[in-house]
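Undergrad: can't give you the sequence, but here's the structure:
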């Protein structure tokens with residue numbers, strides 16, 4: 001059964017006659033009859049019953065015709081899309097960690113689209129999900145974040161999965177808190193100073209080939225009270241509304257800090273370096289939209305990380 005066969009059945013139903021359908025389709029009547037019989041035999045149904053009024057659809061035939069018409073309409077739409085001379089719709093898709101400098105780049109990128117015919121997909125995801133989105137869901141780009149001391153584990157895994165990788169940023173986390181927080185009043189913030197406060201956390205301890213317990217033990221220092229929130233907007237709302245909270249983050253844009261009355265501070269006790277890597281399939285070629293986003297990403301990184309002395 002193919003598209004042409006679907007057209008045969010629909011034409012017979014619309015004309016109520018094999019002879020009229022054969023004339024319309026410019027097909028010999030015996031050949032048309034044979035195709036219909038073969039289709040009925042293969043599918044195990046009967047499309048038509050002969051009456052004095054012509055060929056009438058059976059209940060099975062009506063259901064089949066309904067689906068056939070939908071398929072033929074979709075085929076027509078696809079043909080028009082690619083033969084009308086109109087530009088095809090571009091698609092951009094990215095899975096990225098919950099990082100404000102990345103979302104800042106995405107916002108600037110979205111403003112640059114102007115009259116471009118495009119659909120954009122932006123999914124905040126941890127490293128494991130970002131990789132799955134590229135391999136299984138159909139996303140084109142991903143950004144994964146991991147501690148630099150696990151670099152070899154991730155690069156081995158990315159090679160095995162046939163993924164290309166490019167370094168976007170290398171940094172140490174800074175602390176962010178409300179400007180009215182007692183933490184913000186301190187000249188220098190040490191690990192011990194964090195214990196009376198509530199950490200907003202979104203730990204992503206996935207490291208290929210290593211057990212979870214090993215990775216967790218090497219994360220940033222533990223505190224007695226934590227709130228796990230896995231969506232960046234809600235994390236920022238908490239920071240803005242609860243002056244007892246703080247969070248470890250990659251550097252934030254100044255406009256976001258000012259709007260939410262937040263401040264970010266470096267911590268001299270923190271020596272852990274993180275990497276953000278752009279990933280995509282090795283046989284994938286970056287589109288003009290992709291390249292435009294990467295340009296915005298690099299600009300946002302420079303703008304947000306400027307002045308942070310602890311960056312490597």
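TA: Done, it's in. A quick note: this is a predicted structure, and the numbers were derived from the prediction, not measured.
Undergrad: Contacts only, for the residue nearest to residue 28 when sequence neighbours are not counted.
TA: Beyond its immediate neighbours in the sequence, the residue positioned closest to residue 28 (C-beta to C-beta, 6 or more residues apart in numbering) is residue 22, lying 6.6 Å away. (Glycine included, C-beta is placed from N, CA and C.) Residues in contact with residue 22 (C-beta atoms under 8 Å, 6 or more residues apart in numbering) are 28-29, 32.
Undergrad: name the element residue 22 belongs to?
TA: Element membership for residue 22 (DSSP states H and E) is helix 18-25.
Undergrad: What about residue 194, how many residues nearby?
TA: Residues contacting residue 194 under the criterion other C-beta atoms under 10 Å number 22.
Undergrad: Which segments of the protein make up each domain?
TA: Annotated domains of the chain cover 3-83, 90-305 [automatic domain parsing].
Undergrad: Single out the most deeply packed of these.
TA: Most buried of the domains of the chain, by mean neighbour count (mean count of other C-beta atoms under 10 Å): domain 90-305, with a mean of 17.
Undergrad: looking only at pLDDT, what's the mean for that domain?
TA: If you average the pLDDT over domain 90-305, you get 89.
Undergrad: quick one, strands of the stretch 51-200 of the chain?
TA: Counting by DSSP state E, counting those that start in this stretch, the stretch 51-200 of the chain has these strands, from start to end: 54-57, 90-96, 118-124, 141-147, 163-172, 174-178, 198-201.
Undergrad: that older thread, average pLDDT for the helix holding residue 22?
TA: Averaging pLDDT along helix 18-25 yields 88.
Undergrad: Would you mind finding the longest helix in this structure?
TA: In terms of residue count, the longest helix belonging to the chain (DSSP state H) is helix 59-83.
Undergrad: distance between that helix and the chain's centre?
TA: Taking C-alpha atoms, centre = their mean, to the nearest Å, one finds the center of helix 59-83 at 30 Å from the center of the full chain.
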